[in-house]
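Asks: No letters, just coordinates:
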């Protein structure tokens, strides 16, 4: 007895020491949903439940006329309604927002376009009745960030495909909820990352897919947008309130989406781990003090995230919506044979011999130390214009929406739905691009400790080789 | 007896568990000169030896006529000899290089300027006799990187002040050697970081010192320079060979130096820790295969380093000397009230009210969302031109050396020596800016684990408030 008691006693003492030492020389590295393993912070990865299957390359049956319900008619919604009036084979069945006057405003857009009024839904729970309708194929979600996932889950559970504004989800847990629900219900879950369709980005992606950059080594993206004069447009200060509560890159997808397509993420490549470092909050805090009486602000004024891929490439993403700076999404591709840069000036650099004389008589003799002269740049951009832009650019620029890229996004969404093709952005893109928020915050909270990416494809990241936009045969 | 044996047994077992867990879930994080502590890699910091004193704000007696010995007359040396022929109060006593013909070439520069020939020194050990001369005050070192410290130590031990090309040192250990030898011998040890004197950089520093940017939150610097056509100018491929053997940012000081002056590093602020992430080597390896038959290459084609300061600011440094890109040192200042950017285009952005009407009638009404119009930009750059440039810019542009900044550097070095003032860059700057090489490599070798900066001032980083260029009363 005495013997056992002593054993237990010393066991407890030394187990205490063991526990101590595993938090890395004293720093606490542990959380509800992650552990410290192999020198990295690793998030839990739930097993795929029985009855779920991968949504990789998933295509639903063709939907010749897509019946749509809109949820969220504040900042982004009305513009989408407006754009939809220019797309063939669309019926707008329902319009939903907390505020009745916003629903009415969008009804006006339909009327003005000579389209029938849609059924209106209002209040915080209004979206449910819309999602429960039998005659709706797609729910288009433009609410504040925190309502994206609850509404998307409800819509998929009721058999609807969903398109969600960015970021699709606000936590790793929410990302898994989207993946699991999409896999179980066999419904599309697309994040509406419009920047993937901007003109420079899609042209550069086309160049990358023609190996113009040689081996792509490093890419950059950002959301640097001084929102000082715009905070008030967000209903109840929801965006400032969200940033006040959340550290890390809370709005990474505009920068990350386009470059992930260049790197073929979960199409033969994957993001392995990230580190995040941010500045203290000065401008954000000052703004939140004025507007909400806040005494602290979690989101740093400038946030950097570095990501390393399975193929040994790097991605840099930046976030700054506070300080006086020109708008900048960076968008940069550094390859072994070429370089593309969008902000603050668009430019291309290629090693001699990368371009053929078909592009321009001077094209084969490029200077690997400077940007191309304008004439050669213009010729190269025109020569490598993406087929999607060749088809829709003119109309897109007329309809507008961030200069046209929003319309290209909608056009592609409906083209794929109507023709029964896989969508350009699948649920794994939505999860991978949205999980940056919590992963980066976790790194920043541990002095920029590396954080491993969850594999939302559950081992299927290498099954498809190369990113493609689906086109009907 | 039995009882104690059992106690010992279970102690050993559980101590084993403790040991296991403290190398961070299995990953080995340990090295000859660092340990894993408080969730970071921490390098050893040797105590200051008895008889050593801080060199902070150190000023030597005035040297009206500075007698100089040059060591290393390959890439950078002859240009320096040339510039020195334009400075008053300089006598060039000795010229040293491994190769006699290089010494002769620099003798020719002196003759052409109507100055007496200097004593010549050749061979790998030639520098010693030059350092041992009684009639030399300053040894100016322009050799390959690995010879900087051995020569600098020998020179200081023989009573000479030293000026060393960048980077001053190639390891943390070498940084401590420079600091300790300088502190013990009371000799200046200045790194020749010329980019601190370029025209945009020094003007922006002046703006920062006038609080034009509000609180400085984030700064960037880089050395992005495609050396594809230049590798052969380095004697025996020394630079490519060095990069072949070393991972991390091996050439950080051009980007880091100017922004550290903006952040008052070890003048009331300090760099706390960094993380580094690099790409695989593709172009570097291919080049080393051709030139040296290498089968592997340690230095990534593109290397990123993020640094967090004591005051909660961030620094980003990039290194890429391999891929086809336009030359770029970035140089960027993001503050709570303003923004400055040098590459690829120079621009300024300020919150309304930051500039006074004295600068330009439109200055008080700046647009916080875009770069200033050219006329306002030019007026602001002229208004905030640094006093050093006001004095020497014209002559500097005539003499040249990277457009003039090299001459401004030399001018300041001699101005301070001749007037018995502290130099613009002290031995702690040399150590802090040079240690990035080994710190970043160590982070990259551990999946971008955070690495703590050694405090080369040994606790004195907060004794001086604000960076200043010394000026005689």
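Replies: Received the coordinates, thanks. Just so we're clear, the structure is a prediction, and the values are computed from it rather than from any experiment. Residues are numbered from 1 along each chain as shown, chains lettered A, B, ... in the order given.
Asks: burial of residue A:48, as a residue count?
Replies: Burial measure for residue A:48: 15 neighbouring residues, criterion other C-beta atoms under 10 Å in any protein chain shown. (Each C-beta comes from the backbone N, C-alpha and C, glycine too.)
Asks: Least confident secondary structure element in chain A?
Replies: Sorting the helices and strands of chain A by mean pLDDT, DSSP states H and E puts helix A:2-21 at the bottom, at a mean of 45.
Asks: Quick check: buried residues in the helix or strand just after that helix?
Replies: Using DSSP states H and E, the helix or strand that follows helix A:2-21 towards the C-terminus is strand A:34-37. By neighbour count with 16 or more other C-beta atoms under 10 Å in any protein chain shown, strand A:34-37 contains the buried residues A:34, A:36.
Asks: near chain B at all, strand A:34-37?
Replies: Yes: with C-beta under 8 Å from any C-beta of the partner chain as the criterion, chain B is reached by strand A:34-37 at A:35, A:36, A:37.
Asks: what does the stretch 351-473 of chain A put close to chain B?
Replies: Going by C-beta under 8 Å from any C-beta, the residues of the stretch 351-473 of chain A near chain B are A:351, A:368, A:369, A:370, A:371, A:446, A:447, A:448, A:449, A:450.
Asks: Adding pLDDT, write the residues of strand A:34-37 next to chain B out as TSV.
Replies: Formatted as TSV, the residues of strand A:34-37 next to chain B follow (pLDDT from 0 to 100):
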residue	pLDDT
A:35	95
A:36	93
A:37	92
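Asks: Take those residues and lay them out in TSV including distance to residue B:431.
Replies: Output for the residues of strand A:34-37 next to chain B, formatted as TSV (distance: C-beta to C-beta, whole Å):
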residue	distance to residue B:431
A:35	37
A:36	32
A:37	35
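Asks: just those now: which is nearest residue A:119?
Replies: residue A:35 (48.2 Å; C-beta to C-beta).
Asks: The closest residue to that closest one other than its chain neighbours: which element?
Replies: Take residue A:35 and drop its neighbours on the chain: the residue closest to it by C-beta to C-beta, 6 or more residues apart in numbering or on different chains is residue A:42, 5.8 Å away. Secondary-structure element containing residue A:42, defined by DSSP H and E: strand A:40-43.
Asks: Let me know the next secondary structure element after that strand.
Replies: Sequence-wise, the next helix or strand downstream of strand A:40-43 (DSSP H and E) is strand A:66-71.
Asks: Tell me which strands that following strand pairs with, and in which orientation.
Replies: strand A:90-97 (parallel), strand A:138-141 (parallel) (DSSP bridges).
Asks: re the thing from before, and the residue nearest to residue A:35, what is it in contact with?
Replies: Going by C-beta atoms under 8 Å, 6 or more residues apart in numbering or on different chains, residue A:42 touches A:34, A:35, A:36, A:451, A:452.
Asks: ok, now how distant is it from residue A:34?
Replies: Using C-beta to C-beta, to the nearest Å, residue A:42 is found at 6 Å from residue A:34.
Asks: residues shared between the contacts of these two?
Replies: Residues touching both residue A:42 and residue A:34 (C-beta under 8 Å, 6+ apart) are residue A:451.
Asks: Find the nearest non-adjacent residue to the closest residue to chain B within the stretch 151-300 of chain A, please.
Replies: With C-beta to the nearest C-beta as the measure, residue A:280 is the residue of the stretch 151-300 of chain A nearest to chain B, at 3.3 Å. Counting by C-beta to C-beta, 6+ apart, the nearest residue to residue A:280 once its immediate chain neighbours are dropped is residue B:312, at 3.3 Å.
Asks: and residue A:32, how many residues sit next to it?
Replies: The burial count for residue A:32: 6, using other C-beta under 10 Å.
Asks: now residue A:257
Replies: Residue A:257 has 25 neighbours, counted by other C-beta under 10 Å.
Asks: Leaving out chain neighbours, which residue sits closest to residue A:371?
Replies: Closest to residue A:371 by C-beta to C-beta, 6+ apart is residue A:347, at 3.6 Å.
Asks: and what of residue A:152?
Replies: Per C-beta to C-beta, 6+ apart, closest to residue A:152 is residue A:162, 4.6 Å.
Asks: other SSEs contacting whichever strand or helix holds the one you found?
Replies: For residue A:162, the enclosing helix or strand under DSSP H and E is strand A:161-164. Packing partners of strand A:161-164 (3 or more C-beta pairs under 8 Å, 6 or more residues apart in numbering or on different chains; DSSP states H and E): strand A:138-141, helix A:148-157, strand A:189-191.
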